[in-house]
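>>> the following block contains a protein sequence and its predicted model.
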Amino acid sequence: MLLRHGSARCERPSLFFGVLSILMVVLCVAGGASRPDVLGQAPVRMAAGLALCVAFLFGDHRQIDVPKPVLFLLLAAIALPLLQLLPLSPALWSGLAGREPFRQAVTGDQPWRSLSIEPGATVNAAASLLIPAAVLALISGVRPTEMPRVIVIVLTVIAISAIIGLMQLSGMDVTNPFVNDTPGAVSGLFANRNHFALFLALGCLIAPVWASQNRRQASWRIAFALGLAVFFLMLILASGSRAGLLAGVIGTLIGLGMIRKEVYRILRQVPPWVAGAIVAAVLIGVATLIWLAIASDRAASVDRAVALSSSEDMRTRALPTVMSMIGTYLPFGTGFGSFDTAFRIHEPFALLKLTYFNHAHNDFLEIVLDGGVPGAILLAAGLGWWMFASARVWRGPRDDGAMLGRLGSAVLLLIIIASAFDYPARTPLMMSIIVLAAFWLGRRPTGRA
């Protein structure tokens, strides 16, 4: 049904789009932390479960069109931790690599146990995948004409996070009870400043694509998108995230590259000297802002990159231990979500300190440690599909469908880069962005999966 507003006609939002919008609001408020004990996990997972129920009970199932590779990868990711929870006989369990300390801890007959060394953490890991499952079901039912609105929602959530980060940078005490954020840190909606910086980097990429969606409004949209990208980059500099700074630069360059034809078309409409002056003014303005941030001691990302040597970085110091653990627990791993427990067992005295090392800070290594060879195969399948699908959309014709696919490819690229230094994909809000990007990448240019 179409609704009239003056002389314009707009399509009534579908149920899938409406429920997805509500779910994104919940994720915006409470989906910025990955720890299982934070308050935000309960409302986020409840909202995802309700969203799934509403979509399947009341939605038009003929509308749903899921890219099969994305669906199969998600189902495999759900199945793997569930398989790790199956009880194994004492004889079979004792044959698993790395289980000797646990066997010696029990006198007498050995009980039946699961493959995971911490079943509760693996249950939580499986439950966390309710969020990407709900997002995939909902986005698969959204009409193609509603997809630009989805991009607006994502960009709005990023902008809200940026505004909160700006408030934190100004010294305001902005505390989110749903996440375990650090007082005084510039982390926006997230508990981790690296995840916040990556989120802003995604904004640097998404904003130019949003600007190119309407040719009649392209001039002011591109100007607004450039302003947003500069704003996001300034906050990344202030966040103290080195990986986020790298992702921000890459995201900005890719985003501008994707709309270069629109920019050239606009610049051709003015005299050459005016176009040159505009480009020079933008470059000088950005360079001046970056210099002012560094000079005023607000560029914490640059300061940390210069001042902190790799030998002092805990991630680098713990890498040999993590690699040794992977060899110890192959071929089946320790169980998803069990890194903290496993690392405490193998942590050398030289790494002991008042804080604990909650993740490997390299999600590729942690997936192999937790999932063993099956986890490595699933990881390789996901990365292989991303490379194959990316090659298809970047080599194909440049139209609206291809632009959305290229956006999905680039978003996943930034998250892949960040995952080599941290664990952003473990937060519910970032999970939703990953699924949206994978859906955009997996769709055919015609809109069919």
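Cool, got the structure. Numbers count the residues shown, from 1 in each chain.

>>> where along the stretch 51-200 of the chain do the helices fall?
Along the stretch 51-200 of the chain, counting by DSSP state H, counting those that start in this stretch, helices occupy 68-83, 90-94, 100-104, 119-128, 130-139, 147-169, 193-211.

>>> which of those helices sits most buried?
Stretch with highest mean neighbour count among those: helix 193-211 (a mean of 28; mean count of other C-beta atoms under 10 Å). Every residue, glycine included, has its C-beta placed from N, CA and C.

>>> next secondary structure after it?
Downstream of helix 193-211, the next assigned helix or strand under DSSP states H and E is helix 218-239.

>>> now the angle from that following helix to helix 147-169?
40 degrees (axes from the mean of the first three to the mean of the last three C-alpha atoms, to 10 degrees).

>>> return the list of helices and strands in contact with the next helix-or-strand element following helix 218-239.
Downstream of helix 218-239, the first helix or strand assigned by DSSP H and E is helix 242-258. In terms of contacts (3 or more C-beta pairs under 8 Å, 6 or more residues apart in numbering; DSSP states H and E), helix 242-258 is packed against helix 193-211, helix 218-239, helix 300-307, helix 400-419.

>>> okay, the first one in PDB with CA atoms only?
It refers to helix 193-211. Output in PDB follows, covering the C-alpha atoms of helix 193-211 (Å, rounded to 0.1, in the frame of the first residue of the first chain):
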ATOM      1  CA  ARG A 193      37.700   1.900  22.100                       C
ATOM      2  CA  ASN A 194      39.100  -0.300  19.200                       C
ATOM      3  CA  HIS A 195      35.600  -1.400  18.400                       C
ATOM      4  CA  PHE A 196      34.400   2.200  18.600                       C
ATOM      5  CA  ALA A 197      37.100   3.300  16.200                       C
ATOM      6  CA  LEU A 198      36.300   0.600  13.800                       C
ATOM      7  CA  PHE A 199      32.700   1.600  13.900                       C
ATOM      8  CA  LEU A 200      33.600   5.100  12.900                       C
ATOM      9  CA  ALA A 201      35.900   3.800  10.200                       C
ATOM     10  CA  LEU A 202      32.900   2.000   8.800                       C
ATOM     11  CA  GLY A 203      31.100   5.300   8.800                       C
ATOM     12  CA  CYS A 204      33.900   6.900   6.700                       C
ATOM     13  CA  LEU A 205      33.100   4.100   4.200                       C
ATOM     14  CA  ILE A 206      29.300   4.100   4.300                       C
ATOM     15  CA  ALA A 207      28.800   7.900   4.300                       C
ATOM     16  CA  PRO A 208      30.100   8.400   0.700                       C
ATOM     17  CA  VAL A 209      28.000   5.500  -0.600                       C
ATOM     18  CA  TRP A 210      24.900   7.000   1.000                       C
ATOM     19  CA  ALA A 211      25.800  10.300  -0.700                       C
END
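
>>> next up, phi/psi of Asn176, please.
phi -100, psi 110 (degrees, to the nearest 10).

>>> ok, it - how many residues close by?
Residues near Asn176, counting by other C-beta atoms under 10 Å, number 20.

>>> where's it relative to Gln63, distance?
Remark: distance between Asn176 and Gln63 (C-beta to C-beta, to the nearest Å) = 35 Å.

>>> what of Gly31?
25 Å.

>>> neighbour count winner among these two?
More crowded of Gly31 and Gln63, by other C-beta under 10 Å: Gly31, with 30 against 14.

>>> ramachandran coordinates for that one?
With angles defined as degrees, to the nearest 10, Gly31 sits at phi -100, psi 30.

>>> what's the pLDDT at it?
For Gly31, the pLDDT comes out at 93.

>>> next up, the contacts around it.
By C-beta atoms under 8 Å, 6 or more residues apart in numbering, Gly31 lies in contact with 40, 44, 131, 189, 427-429, 432.

>>> show me the two of the residues you listed that sit farthest apart.
Greatest spacing in those, by C-beta to C-beta: Ile131 and Leu189 (14.9 Å).

>>> same for the lengthiest helix in the chain, what does it pack against?
If you go by DSSP state H, the chain has its longest helix at helix 363-395. Under the contact criterion of 3+ C-beta pairs under 8 Å, 6+ apart, helix 363-395 touches helix 68-83, helix 314-329, helix 339-346, helix 400-419, helix 428-442.

>>> so which of the ones you listed comes closest to Ile153?
helix 428-442 (9.6 Å).

>>> now the angle from the closest one to helix 193-211?
Calculated by the same axes, to 10 degrees, helix 428-442 forms an angle of 40 degrees with helix 193-211.

>>> tilt between helix 428-442 and helix 400-419?
140 degrees.

>>> fine, thanks again, bye for now.
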